[in-house]
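Colleague: Here's a sequence, model it:
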Amino acid sequence: MVDARGFESRSQAVNDMLHQFLLEHKCEQGDDVMVGIVALFYKNSVPGLQKQLADLQFQYIDEVISSLHVHLMHNQTMEVILVQGPARKLQMIADEMTSRRGVTSGKMHLIAALIPQLHPFIAGNKQPQGAAS
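Modeller: Purely as a prediction, here's the structure:
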């Protein structure tokens, strides 16, 4: 595995495995805020599926940061959705998306990190300089 995965040493491989195990443990606890992606593959030919997925993203707008979709060959689409929030809620959102009829494959990958605040005015409801009250 060390050679196949390109690790420099067994210690580095063991460190990677331990890190993955700790991430899985944090995800199972469910209360920690984490960041990650939900990767979906789905069929374009299923009526209304893209709208259902877009509606779910809007429904969970506090957790869904961004998404990107790419049209593939054979009427398939790959969509990658950037998410942040409590691990348990993110898993529930991913399950709702992957269980839709027409989704052929889906997986969530989380890490124990946070996205920096998107805009300084959001947290304190500050107005930009020069803005009228």
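
Colleague: Where does the residue nearest the centre of the chain sit, in terms of helix or strand?
Modeller: Nearest to the mean C-alpha position of the chain, by CA atoms, centre = their mean, lies I37 at 2.2 Å. Secondary structure assignment for I37, by DSSP states H and E: strand 33-43.

Colleague: Buried residues, that strand. List them.
Modeller: Neighbour counts over strand 33-43 (16 or more other CB atoms under 10 Å) mark 34-40, 42 as buried. For every residue, glycine as well, the C-beta is placed using N, CA and C.

Colleague: so which of those comes closest to L110?
Modeller: Lowest distance from L110 to the buried residues of strand 33-43 (CB to CB) belongs to G36, with 3.6 Å.

Colleague: Name all residues that make contact with that closest one.
Modeller: By CB atoms under 8 Å, 6 or more residues apart in numbering, the contact set of G36 is 82-84, 90, 108-111.

Colleague: now swap in T104 and tell me
Modeller: 41-43, 76.

Colleague: switch the cut-off to 10 Å
Modeller: Contacts for T104 were tallied using CB atoms under 10 Å, 6 or more residues apart in numbering; they are 40-43, 46, 76-77, 98.

Colleague: Would you reformat these as a markdown table and include pLDDT and distance to V14?
Modeller: Output for the contacts of T104, formatted as a markdown table (pLDDT from 0 to 100; distance: CB to CB, whole Å):
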| residue | pLDDT | distance to V14 |
| --- | --- | --- |
| L40 | 97 | 32 |
| F41 | 97 | 32 |
| Y42 | 97 | 37 |
| K43 | 95 | 40 |
| V46 | 94 | 43 |
| Q76 | 96 | 37 |
| T77 | 96 | 38 |
| T98 | 95 | 31 |
